[in-house]
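J.: Fold the following and give me the result.
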Amino acid sequence: MDSRGSHFARAMFAALTCSAAFAAAPAGANVDTPVGLPYSQNWSNADLIMANDSWAGVSGVQGYLGDVDAASPTDVDPRTVTADNMTTDVNANRTDPDTFSTGGVSEFAIADPVVALQGSGTADAPNLVFRVDTAARQNLMLSFNARDIDGGADNAAQQVAVQYRVGTTGPYTRAGLAAADGYVADATTGPNLATLVTPVAVTLPDATDNQSAVYLRVLTTNAGGSDEWVGIDEVSITSAPIGGNQPPVVTCGAPLQLAKGESGTRQVSASDADGTVDSLTLGTITPAPSPAGAITIGMTTAESEMMASPATAVVSVSGTLAPGTYSVPINAENDGGSPGTCTLTVTVTAPTLISAVQGTTGDDPNVDASGYVSPRVGNTVTIEGVVTGHDDENGASNSNPTPGFPDDRGIFVQEEISDGDGNPRSSEGIFVGNITAPLSYDIGNRVRLTGVVLEKFGVTQINVTASTQPAEFGAVAATDVPAPVSLDEAAAEGQATLAADIPNQCRFPADTCREGRRAYYERFEGMRVTLPVGVANSGGVNGFAETFLTPGPQLDPVLVADDPVGTSDPGVRGLIGAINDAGAGNPLNPQKDQSSTTNLTVDHQDRVESLRGPLTFSFGNYKVVPQVGALPTVVKGPTEYPFNRVPDQPANTLRATFFNVENFFPPGGDLDGAPVTQAEYETKRDRIADAVNRLLKRPDVIGLEEIGGLSNTSTGLASLQDLATRLGGYTPYLLRGRDNRFIDVAFLIKTGVTATNVRQIGLDAEESIPGTDCSDVAPKLYDRPPLAIDLAKQGVSATAIVNHWSSKAAPDSCRVAQAAFLEDEVVKLEAAGGEVILGGDLNAFEFESPLTELTDGETTLKNLITDIPAAQRFSFQFGGRLQVLDHILVTDGLKPVVADIRFAHFDNEYYDRTLINDGAGCSTMAPPPVCTDGHKVSDHDPPVVTLSLPAPPQGETPPQGETPAPPTKPSPTKPPATKPPAGIASFSRSPKSLRVSKTGSFRYSFAATPSRSGKISLRSTKKVKIGSQQRFAKLAPKAFTTPSTGNVKVKFKLLSKSLKALRRAKRLRFGVTAVLGGRTFTTELTLKAPKKA
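T.: Numbering: from 1, shown residues only. Here you go, the predicted structure:
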């Protein structure tokens, strides 16, 4: 329905005496100048109509809204609507007939431009009026093509009629001698069809002869269904001088446009106002058709009908006609000997070469960006080629898991060998998206399609629509099927890599068009390729159903740590993925259901031979799409299943791990756009339990991340307790944060370890980073505040802190602020004589600023991850690149007793055995039962640290579950310290102020009880500007042992940022905390800035 109320209001007119179904309105005319005769109009001149409701550029023609009845009746016969209407109407320069729903008159600047009519609740009878002057002329004839141009979902019986009026006022009259003259009962088809062309020709009555003002009106009415747009095209108005025989008027219609190999027909017609058409024949076609006889004509009007109807014939074009544009004269002979003619233009277009869509790829994308983005982006093209592969999965995202993105589902098409351009730098294959049933197109069959070229996440593709699915023509000759290109290892490893995005060339925001496009691989984007041999850089598929390989028979591991700058990405030049979309079966929620018949069942370092399929690209990576029934050969590598590289825990040790278990939600929890079922919850719980029991060997302390709840008040504690019960011998601890996914950090503490004082750190902490929100509840610093717990085992005490910092999507400044806040807390713990084990998913690489902030010397924290061999230093895989996100740090009192640090790679080195289904819901692979297999339960590998402890007193045994140390092996712990002498510890004679050196150094002296060990730390009494933030200036705790003289000197040095703050402030007051003999002493010290030179 038309929403233009002002037009609707103007529809209230007084009634005329008329037999029409509509009440007639006052007559009037806005067309003041007649068209010249003969007259023709095909609307190809875009300058005719430049603005809405303006016909100033089209002399003698006017469009009217036809708002003549407030009741808005439907399905009225337009032949009965005789009222005049003066509401001028035209919607100028539209391009959207499939979706534009404002009824009335519109100009559509489409491939074949046209002015069209569509009824609506306001546009009761939209119409197009032509004024002619027939003075001294007779036999007035109007012809046009009624074109269905609405390819959308609308569908209605869209009637069309022709009327006339003599004089500038008064009602209109049905044209023609018979009721059917000039009338079309339905000029459209549908829905989703826009192909019907109906020729209309009508000879006007004698009353229109020799008149100075004759008005010809073409109109439609408001249909009962969803109205469709009908184009009024190829308009022709002719007449003859009074006296003499006149030639027939011949109508050829719009140009006939065909693709190479496509046949077609066009109906042509001829009318004779004062005689009978005898024949319609072909004239001399130019250029001559090849082959001869490819264009023919045949009459379709019987001789007995010649007088009552226009004579019609059908021009037929064979699919063998060579590409080109042909002028086809259509000659009409009448019984008076006066011939008429028109020319039909036939165009046969050779499909666009796929290589022309892809463009020629330059050797270095940083120098020559051509070919990495299609030169035809935004163009509508027609291509033809061989189907080489399928992608049977809609894309998905967190915000749109289902129905997702249908243009990610489609087919791969490649030029036949005979149509190749011979240019090795241009790809001859392409992905075609929006295919509703991709598996219905057989690989090896030839297809032709028309669609729009776009770049999506860096890949060039053509999108078709639901109404323009590819046409399929059967199998091509075996000699014309392109063989896969064998990828060369040396060329792959040596190719240039794009270091930055190509700006303004993506359909999506620029940050989704990641760097990573590479010169050698880009030449084959969309084509069939073969990787002869590659080695898995990690195991199984990631969250995007991808497996990544390095070319060649030897693993060349791709680690983010090898390229800490992250700009040129040199380590990933040859990295290539395999994605499982072809066999995915288009699941309802592909984020949740990653089962596929084309998953690669590879573990880390397995060898993959003959990986074959079309090559695609997205998110910085090129990927082969292996096809159903054509999987590569997998040769088992050195990674043994099951994982067995965490040894049994020795006696007299404490073992801790920090494990992101990835989305452990209770039943009903929201996961990937769908609620977690009871069965899914139990499977996840049991798989985590298997990982803890069998693969991690039941460590003493388990810091957990991503323990999910249902709401802010319904936490994951019940699920955690259920897991603890399943494990046996563990106590759970969890406190709710504020994450909007309701995920929190937690602990599981094994029996035998004393746990006290569970508390959150930084729940109410706030940040003040300009333009940044680090929390779902601004300006809070943490969504998932760190959870701290005091632990003791066999006389050794420490505070464990589990973390899950802001995700990688957040700016680095958030994680730096979180690290700085946590560092302040560790300073307090160390100042009080405590030790700290800090770990978790910090979402930062070991070389990035959050970790350097945490280990900058203001505490004694050390990142133990750096002690792990480089080839084993990874806990996560993203885009094929192995990296460290999970860390363990300890303070200096624990460093000497670190017996072992490692990653437990049971997630990133293995494929998910639970995806190998035997049809009964669980694989028969054993051991263990695969449905509860802990391998690949998460996307994180937990770090595991083992600390040596003093042996328990003689006669005591280690806690149950630990393996006693062999008696022949020496204890890994340090010898116990000499027992300090009896007496109460003391601290005195400390200075009140000191001046620091130019380098920030100073010596702090004091007196203390001899032969006692202690620790001393300094912290400013107020916050100062350090870097870009207001923070406390701190000095890392220093350990000391009082000599026999009782006089102690401890050397301190301010960090450069703190020294700058002191220089600005001139002097700063620090609180001094000394811990000695179990007692804590506090005093103050004023530090003065260095003297100026």
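J.: in the chain, which helix has the most residues?
T.: With secondary structure taken from DSSP state H, the chain has its longest helix at helix 812-831.
J.: contact partners of the helix or strand following it?
T.: With elements assigned by DSSP states H and E, the helix or strand that comes after helix 812-831 is strand 836-841. By CB atoms under 8 Å, 6 or more residues apart in numbering, the residues outside strand 836-841 that reach it are 656, 658, 660, 701, 703, 705, 745, 786, 791, 798-805, 822, 826, 829-830, 854, 859, 861, 885-891, 894, 940, 943, 945. C-beta coordinates here come from the backbone N, C-alpha and C atoms, glycine included.
J.: Let's see that with 6 Å instead.
T.: Residues from elsewhere that reach strand 836-841 (CB atoms under 6 Å, 6 or more residues apart in numbering): 656, 658, 660, 703, 705, 798-804, 826, 829, 885-891.
J.: so what strands line up beside that strand?
T.: strand 796-804 (parallel), strand 886-890 (antiparallel) (DSSP bridges).
J.: For the shortest one, give the mean pLDDT please.
T.: For strand 886-890, mean pLDDT is 98.
J.: Please compute how far the next helix or strand after that strand lies from its chain's middle.
T.: Under the assignment DSSP H and E, the closest C-terminal helix or strand after strand 886-890 is strand 898-903. Distance of strand 898-903 from the chain centroid (CA atoms, centre = their mean, to the nearest Å) equals 40 Å.
J.: Mind listing the strands the helix or strand just after strand 898-903 pairs with, and their directions?
T.: For strand 898-903, the following helix or strand on the C-terminal side (DSSP H and E) is strand 943-948. The pairing partners recorded for strand 943-948 under DSSP bridges are strand 653-664 (antiparallel), strand 898-903 (antiparallel).
J.: Mind listing residues that contact the longest one?
T.: Under the criterion CB under 6 Å, 6+ apart, residues 649, 671, 684, 688, 696, 699-708, 793, 837, 839-841, 938-940, 942, 944-949 lie in contact with strand 653-664.
J.: cool, the last one as well?
T.: By CB under 6 Å, 6+ apart, the list of residues contacting strand 898-903 from outside reads 864, 867, 875, 941, 943-946, 948, 972.
J.: So which of those residues is the closest to residue 475?
T.: Checking the contacts of strand 898-903 against residue 475 with CB to CB, the nearest one is residue 941 at 47.8 Å.
J.: re earlier: identify whichever of the strands paired with strand 836-841 lies nearest to residue 221.
T.: Closest among the strands paired with strand 836-841, once you apply CB to CB, is strand 796-804, at 65.5 Å.
J.: Show me which residues of that closest one are buried.
T.: For strand 796-804, burial by neighbour count (16 or more other CB atoms under 10 Å) applies to 796, 798-804.
J.: And the average pLDDT for that strand is what?
T.: The average pLDDT within strand 796-804 is 97.
J.: Just the CA coordinates for that strand, please, in PDB.
T.: The C-alpha trace of strand 796-804 is given here as PDB (Å, rounded to 0.1, in the frame of the first residue of the first chain):
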ATOM      1  CA  VAL A 796      54.700 -24.200  52.100                       C
ATOM      2  CA  SER A 797      52.200 -21.400  51.700                       C
ATOM      3  CA  ALA A 798      51.300 -19.300  48.700                       C
ATOM      4  CA  THR A 799      48.400 -17.300  47.200                       C
ATOM      5  CA  ALA A 800      47.100 -18.600  43.900                       C
ATOM      6  CA  ILE A 801      45.300 -16.200  41.600                       C
ATOM      7  CA  VAL A 802      43.400 -17.400  38.600                       C
ATOM      8  CA  ASN A 803      42.700 -14.800  35.800                       C
ATOM      9  CA  HIS A 804      40.800 -14.400  32.600                       C
END
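J.: orientation of it relative to helix 812-831 in degrees?
T.: Interaxial angle, strand 796-804 versus helix 812-831 (axes from the mean of the first three to the mean of the last three CA atoms, to 10 degrees): 170 degrees.
J.: after the worst-scoring helix or strand of the chain on mean pLDDT, next one along is what?
T.: Comparing helices and strands within the chain by mean pLDDT, DSSP states H and E singles out helix 5-9 as the least confident, with a mean of 30. As assigned by DSSP H and E, the chain's next helix or strand after helix 5-9 is strand 39-41.
J.: For the stretch 951-1093 of the chain, which segments count as strands?
T.: Listed in chain order, the strands found in the stretch 951-1093 of the chain under DSSP state E, counting those that start in this stretch are 987-988, 993-995, 1001-1008, 1013-1026, 1029-1041, 1047-1053, 1067-1076, 1079-1088.
J.: Please apply the same query to the stretch 551-700 of the chain.
T.: Shown for the stretch 551-700 of the chain, the strands assigned by DSSP E, counting those that start in this stretch span residues 576-579, 607-618, 621-624, 633-635, 653-664, 670-671, 674-675.
J.: quick one, which of those is nearest to residue 993?
T.: strand 653-664 (42.6 Å).
J.: In that closest one, which residues are buried?
T.: 653-664.
J.: Over to stretch 778-793?
T.: Residues of stretch 778-793 classed as buried: 780-791, 793 (neighbour count, 16+ other CB under 10 Å).
J.: I'd like to know how many residues surround the residue nearest to residue 1075 when sequence neighbours are not counted.
T.: Closest residue to residue 1075 apart from its sequence neighbours, by CB to CB, 6 or more residues apart in numbering: residue 833 at 3.9 Å. Residue neighbour count, defined by other CB atoms under 10 Å, stands at 19 for residue 833.
J.: State the pLDDT value of residue 833.
T.: On the pLDDT scale, residue 833 is placed at 88.
J.: same deal with the one 10 residues further on?
T.: Per-residue confidence at residue 843 stands at 97 (pLDDT).
J.: quick one: it from residue 491, how far?
T.: 36 Å (CB to CB, to the nearest Å).
J.: Neighbour count for those two, which is higher?
T.: Ranked by neighbour count (other CB under 10 Å), residue 843 and residue 491 place residue 843 first, with 23 against 15.
J.: hang on, residue 135 in a strand?
T.: No - per DSSP: H, G, I helix; E, B strand; the rest coil, residue 135 lies outside any strand segment and is coil.
J.: so it touches residue 213, yeah?
T.: No - contact status for residue 135 versus residue 213: not in contact, 9.7 Å apart, counting by CB atoms under 6 Å.
J.: quick one: which of these two has more around it?
T.: Between residue 135 and residue 213, counted using other CB under 10 Å, the more crowded position is residue 213 (18 against 13).
J.: OK, contacts around the more buried one?
T.: Counting by CB under 6 Å, 6+ apart, residue 213 has contacts 167-168.
J.: phi, psi of it?
T.: phi -140, psi 100 (degrees, to the nearest 10).
J.: now, among the buried residues of strand 796-804, which is nearest to residue 431?
T.: Of those, the one sitting nearest to residue 431 (CB to CB) turns out to be residue 804, at 37.5 Å.
J.: wait, what's in contact with that closest one?
T.: By CB under 6 Å, 6+ apart, the neighbours of residue 804 are 705, 745, 784, 840-841.
J.: Out of the residues you listed, which comes closest to residue 320?
T.: Distances from residue 320 to the contacts of residue 804, taken by CB to CB, are shortest for residue 841, at 65.7 Å.
J.: so how far is residue 160 from the closest residue to that closest one other than its chain neighbours?
T.: Counting by CB to CB, 6+ apart, residue 660 is the residue found nearest to residue 841 once chain neighbours are left out, at 4.4 Å. Residue 660 sits 67 Å away from residue 160, going by CB to CB.
J.: Please enumerate the helices of this structure.
T.: So, for the chain - with DSSP H - the helices run 5-9, 354-358, 489-494, 519-522, 678-690, 717-727, 812-831, 849-854, 1056-1065.
J.: So what touches the fourth one?
T.: Spelled out, it's helix 519-522. 361, 363, 372, 491-492, 495-496, 622.
J.: give me that answer again for 7 Å
T.: Helix 519-522 has contacts (CB atoms under 7 Å, 6 or more residues apart in numbering) with 361-365, 371-372, 491-492, 495-496, 615, 622.
J.: top of those residues by neighbour count?
T.: Ranked by the number of neighbours (other CB under 10 Å), the contacts of helix 519-522 place residue 615 first, at 29 neighbours.
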